[in-house]
Each structure stands twice: as C-alpha cells, then as structure tokens.
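*Asks:* Structure for this input, please:
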Amino acid sequence: MDLTHLAERLRTAVRAPVRGPGGRRALQALLAGSSVLALLLWWLLPSSGPSYPRAPMSLATGVANGVYEKYGMLLKGDLHTALPGVQVNLLHTQGSVDNIKRVVSGRADFTIAAADAVANYQGPGKDELRACARLYDDYMQLVVPSDSTVRSARDLRGLRVGVGQADSGVNLITRRLFAAAGLDITKDVDAIPVGIDQAPSMLREGRLDAFFWSGGLPTAAVTEMARTKPGIKLVQLGDLVAKLHAMGPQMAYYRQAVMPADAYPQAQKGQAVATIAVANLLVTTDHANTGLVERLTRAVIDSRDAIGKEVHAAQLVDLRTAVFTDPLPLHVGAERYYRSVKP
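*Replies:* Residues are numbered from 1 along each chain as shown. I've put the predicted structure just below:
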C-alpha cells in the first residue's frame with residue numbers, strides 16, 4: 001500500500017464510531033497524528049526509487065571554458081529532475097588534483113577527476129574515495145600557433161609554455177611528459193601555470209609559445225582558436241608513450257590514443273594526431289548517501305545523449321564501461337544502480 005492510500009484510510013478511521021467519548025477522542029488524536037505523519041512521509045520521500053536526503057549538494061567541476069565545467073552545468077539540469085528538492089551547487093576549481101582534495105576534505109560532495117590524479121593522491125582520506133562511474137577520456141593536447149616550428153614536446157626547450165594550474169590534472173600530466181621528453185620543467189622551459197581559461201588569449205597575444213591542455217574532444221576553447229586567424233596546430237605526443245610507460249606502474253593509466261582528424265578540422269588539416277588519453281571518473285566518498293549516489297549515477301547514464309549533443313565527449317559515457325573505475329572501487333549506491341539494470 002502506498003502512503004497516499006494509507007493516509008486516506010487513517011482519515012476514514014478517525015470518522016468511524018468508537019464506544020465512549022474518551023475512547024473516541026483518544027483514537028481520533030492517535031489516528032490524526034498518524035495521518036499527518038503519513039502525509040509528511042509522502043511529501044518527503046520520492047515517488048519512485050530509493051530515498052535520499054534533500055540537503056544541498058556540491059559538484060566540483062574545473063576551470064572556466066573547460067569540459068568539466070560545461071559537463072557539470074548540463075548535468076546540473078538533469079539532476080534537478082533526478083533529485084527533486086536537492087539544490088546542486090557547482091564549484092569552479094583548478095582541476096583534478098584540486099577536485100580530489102575538495103572531496104576528501106568535505107568541501108565538495110562529488111567531483112570529476114582523471115584516473116591518474118586519483119591514483120597519484122596519497123593524502124588524508126585516500127581510502128574513503130569511491131567512484132560512481134567512468135565517464136569519458138581526456139586527450140592531452142599540445143597547442144601552438146599555426147606557424148610554430150615545434151614538432152614534438154622536445155622542441156619546447158627554452159619556450160614559454162602554459163602547463164596548467166598547480167592543482168590541475170593538466171599540470172600533473174605535463175610534468176610527466178616533460179620528464180619523458182628528457183626536459184626539466186623547472187630549468188629547460190619557462191613553465192607558466194595557466195589553464196584553458198587564460199592560455200588561449202595568452203597564445204594569441206604572443207605571451208605564450210605553446211600550452212598543454214587535457215580535456216575531452218573537442219574542447220570549445222580550442223575549437224574557437226582553430227577557427228580564428230592566425231590559427232593553431234596540434235603537436236603530436238605519441239612519440240612519448242613508450243618512455244612514459246617505462247617511468248613506472250602509475251603511468252599505466254595513460255593509453256596511446258589518436259585525436260581524429262575531425263576533432264579540430266581547421267587546425268588538423270585532415271590529419272589525425274597521436275597523443276595520450278586518460279579516463280575521467282565521477283568521484284565521491286564512502287560517506288555519501290547510498291540512495292543519493294544511486295539516483296545520481298542513474299542520471300549520469302540516462303543523460304548521456306542529451307548532454308552529448310553539446311559536450312561531444314559525453315557521448316562516450318556508456319553503461320558497459322561505466323563500471324571500470326580503476327583505481328577506485330564503486331560506491332555501494334552505484335553498485336546498486338548497475339545491478340538494477342544488469343540484463
């Protein structure tokens with residue numbers, strides 16, 4: 001019996017005759033209180049699916065103009081439907097490393113973070129981290145002006161290079177790529193800690209010679225640069241994959257990848273670009289409410305097609321691969337969702 005029918009039956013019982021005035025008044029008071037309680041529960045609990053707290057929740061995204069930010073903004077709209085009564089607050093951050101720190105410290109409830117940054121984190125709360133889903137892959141992108149002579153990361157020696165903000169996943173990968181290329185980031189290049197929110201304008205104005213970016217394909221800010229004269233080109237990083245993997249087991253989170261020719265057609269001139277890619281995870285902690293996580297995970301999977309129309313990388317969110325969240329175990333709420341839809 002649902003709570004609406006229960007409340008109606010309790011109201012009917014209150015009107016029924018009972019022997020003795022004292023007994024009737026007592027029964028009326030009891031059943032009236034029960035009716036109010038039933039109606040209150042009906043109001044507080046969702047109409048279908050697991051229950052969840054109605055408190056505000058926060059989602060840490062990333063820098064302005066980045067894919068994390070755009071994805072978070074679109075997901076927020078879907079969560080308004082999936083989690084009625086929950087206010088979702090988006091937090092701007094430096095990126096993956098910053099995001100993980102925010103979640104373990106309780107400054108954010110959920111976040112998006114690259115798998116390599118999760119594996120690299122060794123601070124307090126590491127064992128409490130849990131995943132809701134594997135999302136899409138980030139592709140490492142080395143962007144230079146269209147007339148640049150840079151052909152590989154090794155050619156960056158002595159140049160001004162945007163390497164991502166200090167607590168970004170871009171910065172983590174960039175440091176490892178420089179090491180693989182035989183360059184010391186503190187000595188061999190002029191490393192400037194800027195992200196995708198500032199690097200494009202700095203490159204156009206001649207204040208940077210190149211910048212690194214790690215994001216889904218295509219990234220809107222890079223697309224805009226490719227369309228605007230004098231234009232840009234993307235430098236291959238595929239020659240560093242073997243050296244990167246030889247640096248240790250944590251490098252296993254990077255896979256050899258190819259940016260297809262149509263990712264940035266104006267910049268690539270019909271040519272695919274070899275690079276590396278790393279998976280993104282939707283991350284929380286084991287303290288997160290089970291019902292909330294189950295509903296949120298369902299919303300992430302169900303929103304793929306709608307979000308994918310504006311954030312093309314989101315088209316790669318897939319029920320079959322979402323459970324592969326190494327190096328994190330799945331949150332129990334996410335496990336419940338995946339079991340519920342298992343064929």
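
*Asks:* Quickly note the distance from G49 to D302.
*Replies:* When Cβ to Cβ, to the nearest Å is applied, the distance between G49 and D302 equals 12 Å. (Glycine included, C-beta is placed from N, CA and C.)

*Asks:* Which residues are in contact with K269?
*Replies:* K233 (Cβ atoms under 8 Å, 6 or more residues apart in numbering).

*Asks:* er, L129 actually
*Replies:* Taking Cβ under 8 Å, 6+ apart as the definition of contact, the neighbours of L129 are 100, 103-104, 118, 121, 283-286, 328.

*Asks:* redo that, cut-off 7 Å
*Replies:* With contact set as Cβ atoms under 7 Å, 6 or more residues apart in numbering, L129 has these partners: 104, 118, 283, 285, 328.

*Asks:* Including distance to I196 and secondary structure, could these go into a markdown table?
*Replies:* A markdown table is the format used below for the contacts of L129 (distance: Cβ to Cβ, whole Å; DSSP: H, G, I helix; E, B strand; the rest coil):
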| residue | distance to I196 | secondary structure |
| --- | --- | --- |
| V104 | 25 | helix |
| V118 | 21 | helix |
| V283 | 21 | strand |
| T285 | 27 | strand |
| L328 | 25 | coil |
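
*Asks:* most neighbours, which of these?
*Replies:* Neighbours were tallied for each of those (criterion: other Cβ atoms under 10 Å), and the maximum of 28 neighbours falls on V283.

*Asks:* was I right about that one contacting T111?
*Replies:* Yes - V283 is within contact range of T111, at 5.2 Å (criterion: Cβ atoms under 7 Å).

*Asks:* what sits in contact with each of these two?
*Replies:* With contacts defined as Cβ under 7 Å, 6+ apart, the residues shared by V283 and T111 are V103.

*Asks:* Tell me the buried residues in the helix or strand that contains L75?
*Replies:* Using DSSP states H and E, L75 sits in helix 67-82. Neighbour counts using 16 or more other Cβ atoms under 10 Å place 67-72, 74-75, 78-79, 82 of helix 67-82 among the buried residues.

*Asks:* go on, stretch 187-199?
*Replies:* Of the residues in stretch 187-199, those buried under the neighbour-count criterion (16+ other Cβ under 10 Å) are 188-189, 191-192, 194-199.

*Asks:* Can you tell me which helix or strand of this structure has the lowest average pLDDT?
*Replies:* Of all the helices and strands that make up the chain, helix 3-15 has the lowest average by mean pLDDT, DSSP states H and E, namely a mean of 44.

*Asks:* about what we covered before: would you mind giving the buried residues of stretch 187-199 as JSON lines with secondary structure added?
*Replies:* Output for those, formatted as JSON lines (DSSP: H, G, I helix; E, B strand; the rest coil):
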{"residue": "D188", "secondary structure": "coil"}
{"residue": "V189", "secondary structure": "coil"}
{"residue": "A191", "secondary structure": "strand"}
{"residue": "I192", "secondary structure": "strand"}
{"residue": "V194", "secondary structure": "coil"}
{"residue": "G195", "secondary structure": "coil"}
{"residue": "I196", "secondary structure": "coil"}
{"residue": "D197", "secondary structure": "coil"}
{"residue": "Q198", "secondary structure": "coil"}
{"residue": "A199", "secondary structure": "helix"}
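
*Asks:* Pick out whichever of these sits closest to V317.
*Replies:* The nearest member of those to V317, counting by Cβ to Cβ, is I196 at 21.1 Å.

*Asks:* does that closest one really touch E224, like I thought?
*Replies:* No - here I196 does not reach E224: they are 10.9 Å apart, not a contact under Cβ under 7 Å.

*Asks:* that older thread, in CSV, list the buried residues of stretch 187-199 along with distance to A261.
*Replies:* Rendered in CSV, the data for the buried residues of stretch 187-199 read as follows (distance: Cβ to Cβ, whole Å):
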residue, distance to A261
D188, 31
V189, 29
A191, 30
I192, 30
V194, 28
G195, 26
I196, 22
D197, 27
Q198, 28
A199, 23
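
*Asks:* which one is R102 nearest to, not counting chain neighbours?
*Replies:* Here the nearest residue to R102 in space, its sequence neighbours aside, is A108; by Cβ to Cβ, 6 or more residues apart in numbering that works out to 4.0 Å.

*Asks:* Would you confirm that A60 contacts T111?
*Replies:* Yes - taking Cβ under 7 Å as the definition, A60 is a contact partner of T111 at 3.9 Å.

*Asks:* Now list whatever residues contact both of the two.
*Replies:* Common contacts of A60 and T111, defined by Cβ under 7 Å, 6+ apart, comprise 99, 102-103.

*Asks:* residue contacts, G85?
*Replies:* G85 makes contact with R54, according to Cβ under 7 Å, 6+ apart.

*Asks:* helix/strand/coil for it?
*Replies:* coil.

*Asks:* Need the pLDDT of A82.
*Replies:* For A82, the model assigns a pLDDT of 95.

*Asks:* V258 too?
*Replies:* Among the per-residue scores, V258 shows a pLDDT of 97.

*Asks:* So what sits opposite it in the bridge?
*Replies:* Per DSSP bridges, residues listed as beta-bridge partners of V258: A274.

*Asks:* That one contacts A272, doesn't it?
*Replies:* Yes - if you go by Cβ under 7 Å, V258 and A272 touch, sitting 4.9 Å apart.

*Asks:* which residues touch the residue nearest the centre of the chain?
*Replies:* Relative to the mean C-alpha position of the chain, the nearest C-alpha, by Cα atoms, centre = their mean, is the one of I112, at 2.5 Å. Taking Cβ under 7 Å, 6+ apart, we find I112 in contact with 61, 68, 71, 99, 135, 280, 282.
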